[in-house]
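*Asks:* return a 3D structure for these sequence lines:
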Amino acid sequence: MVCEASVTKATLVSKRIGSHLLNGQLANYRMISGEMNDEEPVKLPITDTLDLHTFRPTDLSALVPDYLSECRARGILQVRVIHGKGVGNIRKSVHAILSRLEYVASFSDASALYGGLGATIVNLRPAREE
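*Replies:* Numbering: from 1, shown residues only. Predicted coordinates for the structure are as follows:
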């Protein structure tokens, strides 16, 4: 299932700056390499996959809940969060964030086919369960 977010400062957006792609909320997130400019943002598809490689680690505490909440509102109840393998610090941060979210039913490392320790599968509770 693929949905698109509307383009406002309060939603997830994406913009291309040179060869870099900036993802996130315009008001809160900055890309790792390069600076934001005044180009108009383009729509970022809200899908069942969130790739964190283009975000700063300091953005995760707001980004992950925002994205998952948007997925949940659109009926996407299983999301793969790609954090990479590295030394495991981003994975630990993502897991800590997920453990605090009431609307996360469960999460686990992805199978080898879907990224292994480099990704986490998140199962969300439907919005009507609250």
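
*Asks:* could you use CA atoms for every contact and neighbour count after this?
*Replies:* Will do.

*Asks:* need the pLDDT of G115.
*Replies:* Note for G115: predicted pLDDT of 95.

*Asks:* tell me who's in contact with it.
*Replies:* I82 (C-alpha atoms under 8 Å, 6 or more residues apart in numbering).

*Asks:* can you do 7 Å?
*Replies:* By C-alpha atoms under 7 Å, 6 or more residues apart in numbering, G115 lies in contact with nothing.

*Asks:* give me the contacts around the longest helix seen in the chain.
*Replies:* Counting residues, the longest helix found in the chain (DSSP state H) is helix 60-73. Outside helix 60-73, the residues within contact range by C-alpha under 7 Å, 6+ apart are 24, 46, 77, 97, 124, 126-127.

*Asks:* does Y103 really touch R125, like I thought?
*Replies:* Yes - judged on C-alpha atoms under 7 Å, Y103 makes contact with R125 at a distance of 5.3 Å.

*Asks:* quick check, pLDDT for the spatially closest residue to G86 that is not a sequence neighbour.
*Replies:* Counting by C-alpha to C-alpha, 6 or more residues apart in numbering, G118 is the residue found nearest to G86 once chain neighbours are left out, at 7.9 Å. G118 is assigned 97 on the pLDDT scale.

*Asks:* sweet, I'm off.
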